[in-house]
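In: how would this look folded up:
(one chain, ligands or ions: 1)
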Amino acid sequence: MNILVVGGAGYIGSHVTREFLDRGHRVTVFDNLSSGLRENLFSGAAFIHGDILRYEQLVAALGSGGGMDGLVYLAAFKAVGESMVQPEKYSINNIIGTVHLLNAAAAAGLKYIIFSSSAAVYGEPAYLPIDEKHPTNPENYYGFTKLEIEKFLSWYDRLKGIRFASLRYFNAAGYDIKGRIRGLEQNPANLIPVIMENACGIRKELQIFGGDYDTPDGTCIRDYVHVSDLAAAHALALDYIGRTGKSVTVNLGSETGSSVLEVLETARRITGKPIPSRPAGRRPGDPARLTASAALARELLGWKAEYSDLETLIKTSWNAYRSSN
Ligand code: UFG
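Out: As a prediction, the model looks like this:
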């Protein structure tokens, strides 16, 4: 198929692009390179330097290479903390960008969209593990934008016949198993890349946000899922909506919880680096525990988290950081 990967030069986008190329699709990456990196572009994929806020650029991209069959939509701002102080930025890029993207998709007669959603749509968990029936009540503006995009997708499905898959990622981490992704995320705020920057000496110490949660070691528990597993889910989701003609919304997580200290200890062991840390106060808005039920993705898409054990997550991350620093 002819696939447009919008945001394909970013961290998850580059893994998704690699996956579609590996499966023999023709891929065009559309990215404004605001956080995406040129070194993440593969020779096998075409590249359009474009912005989702420029409607005419999207229209041109959707018509390129004989027209697109499907689109993967990953271009979004995603810093939870920033979204609470600069909501305007998130409104413009994530919401207005979506409106342009959907209008361009409708004008082009596009059939399929795979959307990169987030567990942030759920907010504070009412029960665990979180399944797709869990109420959606985002606690931050970023999560709100992801939920609104899901609603736009539902309406364009009803009114324009564009079938979609909304993939609600839990904590994305790790790097390509075969070490083919060269670009590292710049100024990361997420736990595993921050630990990696500490291991490389780019940062001096890890702050542990909160040690008094109601968890066995007092630190927060998260469901870390390997980015290569996420990438595979995009391809399986496209197969599913193509095969059934039905849209779908699924969680993607490993269904395993790891605490901040467990992640840190595993990283110390694998990297052989001391990775100094110090206790810091709780970060506002952090729930004590978040774990996914991914039963629906297994059942409908035939998806399985293959690389999402802590060992593989840290080893593949260290592989990427060690070879770049
Ligand atoms: N943490 C630290 N120190 C750090 C960074 C993180 O202790 O320097 C802790 C956090 O407090 C949290 C855990 O590590 O307890 C994971 O934090 P991340 O920032 O890596 O991830 P979050 O769980 O906050 O959020 C991530 C994505 C969201 C997504 C969510 C879904 O950033 O977009 O996972 O589960 F919605």
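
In: got a list of contacts for the lowest-mean-pLDDT helix or strand in the chain?
Out: Sorting the helices and strands of the chain by mean pLDDT, DSSP states H and E puts helix 80-85 at the bottom, at a mean of 93. With Cβ atoms under 8 Å, 6 or more residues apart in numbering as the contact definition, helix 80-85 has outside contacts at Phe77, Lys89, Tyr90, Ala120, Asn140, Tyr141, Tyr142, Gly143, Thr145, Ala189, Arg283, Gly285. Placement of C-beta: from N, CA and C, glycine included.

In: how much space between the last one and Tyr11?
Out: Okay, so that is Gly285. Between Gly285 and Tyr11 the computed distance is 22 Å (Cβ to Cβ, to the nearest Å).

In: How about the second one?
Out: Per Cβ to Cβ, Lys89 is found 19 Å from Tyr11.

In: ok, these two, which is more surrounded?
Out: Taking neighbours as other Cβ atoms under 10 Å, Lys89 and Tyr11 compare with Tyr11 leading, 26 against 14.

In: For His134, list the residues it contacts.
Out: Taking Cβ under 8 Å, 6+ apart as the test, what His134 contacts is Tyr122, Pro125, Ala126, Tyr127.

In: Also Phe115?
Out: Residues counted as contacts of Phe115 (Cβ under 8 Å, 6+ apart) are Tyr73, Ile149, Glu150, Leu153, Phe164, Ala165, Ser166, Leu167.

In: would you turn those into CSV with pLDDT?
Out: Below are the contacts of Phe115 laid out as CSV (pLDDT from 0 to 100):
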residue, pLDDT
Tyr73, 98
Ile149, 98
Glu150, 98
Leu153, 98
Phe164, 98
Ala165, 98
Ser166, 98
Leu167, 99
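
In: right, and out of those, which lies closest to the ligand?
Out: Set against the ligand, the nearest of the contacts of Phe115 by Cβ to the nearest ligand atom is Leu167 (12.2 Å).

In: which residues sit against the one helix or strand that closest one maps to?
Out: Taking DSSP states H and E as the definition, Leu167 sits inside strand 163-169. The contact list for strand 163-169 (Cβ under 8 Å, 6+ apart) reads 12, 111-119, 121-122, 132, 150, 153-154, 156-157, 225, 230, 233-234, 237-238, 240-241, 245-253.

In: Are any of those residues buried, and if so which?
Out: 12, 111-119, 121-122, 132, 150, 153, 156-157, 225, 230, 233-234, 237-238, 240-241, 247-253 (16 or more other Cβ atoms under 10 Å).
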